[in-house]
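1. Sharing a model prediction with you, sequence too.
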Amino acid sequence: MSIAEQADTVRVTLPDGSVREVARGATVRDVAEQIGPRLAKAALAAKVDGRVVDLMRPLEGDARVEILTEKNPEALEVLRHSAAHVLATAVRRVRPEAKIGFGPAIDDGFYYDFEVDRPFTPEDLETIEKEMEAVARADDPFEREAVDRAEARRVFAGDPLKLERLEELGDGETITLYRNGAFTDLCRGPHLPSTGRLKHFKLLNAAAAYWRGDESRQTLQRIYGTAFFTKEDLEQHLHRLEEARRRDHRLLGKQLDLFSIQDVVGPGLIFWHPRGAMVKWLLSRAVEDDNVASGYDLVYTPNITREELFHISGHLPLYAENQFPPMAAGAGEGEDVHYRVKPMNCPMHALIYRSNPRSYRDLPIRLSEVANVYRNERSGTLHGLLRVRGLCMDDAHIFCTPGQVEDEIFLCLDQVDRMVRQTFGFELDFEVSTRPDERLGDDAAWDHAEAVLQRALERKGIPFRVDAGGGAFYGPKIDIKFRDAIGRLWQGPTVQLDFQLPERFELEYTGTDNKPHRPVMIHRAIYGTLERFTGNLIEHFAGAFPVWLAPVQVVVIPISDDQAEAAHAYGRELREKGIRVEVDDRNETLNYRVREAELQKVPYMAVIGGREAEAGTAAVRVRGAGKKQEIVPRAELAGRILEQVRTRTLQVGFEE
Ligand SMILES: [Zn+2]
Ligand SMILES: [Zn+2]
């Protein structure tokens, strides 16, 4: 069809289904103008046939068009990527020699990579941020230009990183430049109409980063920032970042002397110091007590095993890369025998099930074990307590008949509710993951299992999302995330159905028909791992654990040496009643010692002066309540604390 024969208008279909005709070659912005001046003013970008483009993009054919404003999540990404260009513009003004790399939008903001002679200091970032404000004020339009390769090479002659990227673009690809003022980038876009649309942004930090994440390439300096459409959104985000920093479990872990990771032993392996170990022990005990009360049996299984076990279970060779390499066998065993440290407990529990003949009358059998397992995670992905190589799981496996699955799911959901939501105040978020394309088990089994999981949640009145196709190949699961005190979602408990392991281990029970049947296996953890859960708790409570979990519950402080004896006697008395107590009789001022106890986030300080020593009382201060104190008979304090421990209250202090 020749140009002369083409209609001179195109049909634009809007999201509400209405159709408009505009001149061929009209821009998306023209469409917005036609709809209304308010929309044209608010317009930032557009979606044309599902692809996000600039407002200045001409329409050469019929298309579905959606105008994007601040309200569309896609627009936020455009804003942030445009902010990255503004950042590079500013950096070039301050450091004209800076070579530019990539500058994408990311989850919470944006970054740009620069090759520079010296790293950026915090002062540099301030200067650059000021310069960005000037770039935004100038309100230069972002202009897109399609060029040929020769032209692009000319433009980026002084930018080797851009040239490298350019050479990767295929011959069929359109090469586009984006200009704003004096700055030009090799970029696919899209961008805001102009730099002036960037109003609320903040540079956060600079860090070294390898070019393209490749350790063999040069080190670049990456500047991170964030941008929002409103001042409120920006401030809220910065506040959250500040809170997250204040709550960082790695810093608090050091400050409160909870744990360490030591080079000589290796990354991702946790040393639980006395105070951290106390928290871990209390958590383990709490979940073990709940398990026993819920009808679980406790078991213990070996930490290493002949690797044959993982060939039976199917974890080898499939998951070999997540396991530590094999070890030679013990003396007297064949040379071809190898051992592995266990990365999970499931096959071990299957062996306990298989060790006896089982009848339907024995089911369900619930085996639980708080056990250490080891996974060979890449050292680069390790992060404090949240991502480790040595994991202590509060693991359990339930073996039951298909007809018992629903009741068992109820049991798991109740435990999660009790141990996670009620005990710690986490809000829970549920998701059911259903059958993936490649899977084990017939469709009837999947139909049944998926229906059971969803029905269990429905009957509990729990809202949930469905992740269609997100299940493991061996069964569907319920994933539970929890939301912490500052609104972050953490990966939490999982309830996983498994059709595979009972097959592979040939697990059986004798049914009412006197014939052998396969049991269903349910994997479930409440905390997940003690490491990650403790890390989450440290951040959730900002280190200020509830009374029942606080490693030290009371510090007894004698005002002077004259009361030291009384203080120690009181300390012994509390300890005998099961309260974790320290006596701080150091030769320091009262204020200093109270402040120390506050810094250590101890819930109660029992101050004993001359009067208190005589009267058998203590002046009790409460964590976070300042100088306020209550005179409490010594015998009474223990009772109050023990009651708070029994109920696992989140409250500190004794006011109603
Ligand atoms: Zn760009
Ligand atoms: Zn398991």
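-> In hand now; what should we look at? Residues are numbered from 1 along each chain as shown. Ligands and ions are numbered 1, 2, ... in the order given.
2. Residue 279 and residue 546 touch, don't they?
-> No. Counting by C-beta atoms under 8 Å, residue 279 stays clear of residue 546, with 10.7 Å between them. Heads up, the C-betas are built off the backbone N, CA and C, glycines and all.
3. Please identify which of the two sits among more neighbours.
-> residue 279 (22 against 19; other C-beta atoms under 10 Å).
4. Let me know the secondary structure of the more buried one.
-> Here residue 279 is recorded as helix under DSSP: H, G, I helix; E, B strand; the rest coil.
5. What distance do you get for it to residue 259?
-> For residue 279, the distance to residue 259 (C-beta to C-beta, to the nearest Å) stands at 9 Å.
6. Check residue 416 too.
-> 25 Å.
7. Report the buried residues of the lowest-mean-pLDDT helix or strand in the chain.
-> Taking mean pLDDT, DSSP states H and E as the measure, the helices and strands of the chain show their lowest mean at helix 315-318, namely a mean of 84. For helix 315-318, a neighbour-count test (16 or more other C-beta atoms under 10 Å) marks 315-316 as buried.
8. Give me the contact list for it.
-> Contacts to helix 315-318, defined as C-beta atoms under 8 Å, 6 or more residues apart in numbering, come from residues 307, 310-311, 323, 340, 343-344, 347.
9. Tell me which of the residues you listed fall in strands.
-> residue 340 (DSSP state E).
10. can you narrow the contacts of helix 315-318 to ones near ligand 2?
-> Near ligand 2, judged by C-beta under 5 Å from the ion, there are no entries from the contacts of helix 315-318.
11. For the lengthiest helix in the chain, could you pull out the residues that count as buried?
-> The longest helix of the chain (DSSP state H) is helix 73-94. Residues 75-93 are the ones in helix 73-94 that count as buried (16+ other C-beta under 10 Å).
12. returning to that earlier point: please tell me how far the least confident helix or strand of the chain is from the chain's geometric centre.
-> On the basis of C-alpha atoms, centre = their mean, to the nearest Å, helix 315-318 sits 27 Å off its chain's mean C-alpha point.
13. now swap in stretch 48-60 and tell me
-> Computed by C-alpha atoms, centre = their mean, the separation of stretch 48-60 from the middle of its chain amounts to 35 Å.
14. Give me the mean pLDDT for it.
-> Stretch 48-60 carries an average pLDDT of 92.
15. Look at it and report the distance between its end residues.
-> For stretch 48-60, the first-to-last residue distance is 11 Å (C-alpha to C-alpha, to the nearest Å).
16. still on that earlier bit, given the helix or strand just after the least confident helix or strand of the chain, what are its sheet partners and their directions?
-> Using DSSP states H and E, the helix or strand that follows helix 315-318 towards the C-terminus is strand 327-328. Note on strand 327-328: by DSSP bridges, its sheet partners are strand 338-341 (antiparallel).
17. Touching the strand it pairs with from outside, list them.
-> 303-307, 310, 316, 323-324, 326-330, 373-374.
18. Please work out the average pLDDT along that strand.
-> 95.
19. With just CA atoms, put that strand into CSV.
-> Taking C-alpha atoms only, strand 338-341 is exported to CSV below (Å, rounded to 0.1, in the frame of the first residue of the first chain):
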residue,chain,number,x,y,z
HIS,A,338,30.3,-41.3,50.6
TYR,A,339,28.6,-39.3,53.3
ARG,A,340,26.8,-35.9,53.1
VAL,A,341,25.8,-33.5,55.8
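20. tell me which residues in that strand are buried?
-> In strand 338-341, counting by 16+ other C-beta under 10 Å, buried: 339-341.
21. ditto for stretch 548-564
-> Under 16+ other C-beta under 10 Å, the buried positions of stretch 548-564 are 548-559, 563.
22. re earlier: can you tell me which of the contacts of helix 315-318 is closest to ligand 2?
-> Nearest to ligand 2 among the contacts of helix 315-318 is residue 344, at 5.6 Å by C-beta to the ion.
23. Could you give the bridge partners of the nearest residue to the closest one once chain neighbours are set aside?
-> Counting by C-beta to C-beta, 6 or more residues apart in numbering, residue 344 lies nearest to residue 373, which is 5.6 Å off, once chain neighbours are set aside. On the basis of DSSP bridges, residue 373 is bridged to residue 391.
24. Residue 373: how many residues sit nearby?
-> 19.
25. go on, residue 493?
-> A count of neighbours around residue 493, defined by other C-beta under 10 Å, yields 23.
26. secondary structure element for it?
-> Per DSSP H and E: strand 489-498 holds residue 493.
27. what lines up beside that strand in the sheet?
-> Note on strand 489-498: by DSSP bridges, its sheet partners are strand 477-483 (antiparallel), strand 520-529 (antiparallel).
28. Residue 17 is nearest to which of these?
-> Checking the strands paired with strand 489-498 against residue 17 by C-beta to C-beta gives strand 477-483 as the closest, at 36.6 Å.
29. And that closest one, how far out from the chain middle?
-> Here strand 477-483 is found 12 Å from its chain centre; the criterion is C-alpha atoms, centre = their mean.
30. For that strand, which outside residues touch it?
-> With contacts defined as C-beta under 8 Å, 6+ apart, strand 477-483 is touched by 409, 413, 416, 420-421, 426-433, 453, 457, 464, 467, 471, 489-497, 536.
31. By neighbour count, sort out the buried ones in these.
-> Neighbour counting with 16+ other C-beta under 10 Å marks 409, 413, 416, 420, 426, 428-430, 432-433, 453, 457, 464, 471, 490, 492-497, 536 as buried within these.
32. Give me every residue in the protein lying close to ligand 2.
-> Contacts of the chain with ligand 2, taken as C-beta under 5 Å from the ion, map to 346, 523.
33. Name the nearest residue to the residue positioned nearest the centre of the chain, sequence neighbours excluded.
-> Nearest to the mean C-alpha position of the chain, by C-alpha atoms, centre = their mean, lies residue 490 at 4.6 Å. Nearest residue to residue 490, sequence neighbours excluded (C-beta to C-beta, 6+ apart): residue 536, at 5.1 Å.
34. and that neighbour, what helix or strand is that in?
-> Assigned by DSSP H and E, residue 536 belongs to helix 530-540.
35. Any idea how many residues pack against residue 379?
-> If you count neighbours by other C-beta under 10 Å, residue 379 ends up with 10.
36. That one and residue 322: what is the separation?
-> 14 Å.
37. Tell me the spatial nearest neighbour of residue 487, not counting adjacent residues.
-> Ranked by C-beta to C-beta, 6+ apart and with sequence neighbours excluded, the top spatial neighbour of residue 487 is residue 240, at 6.9 Å.
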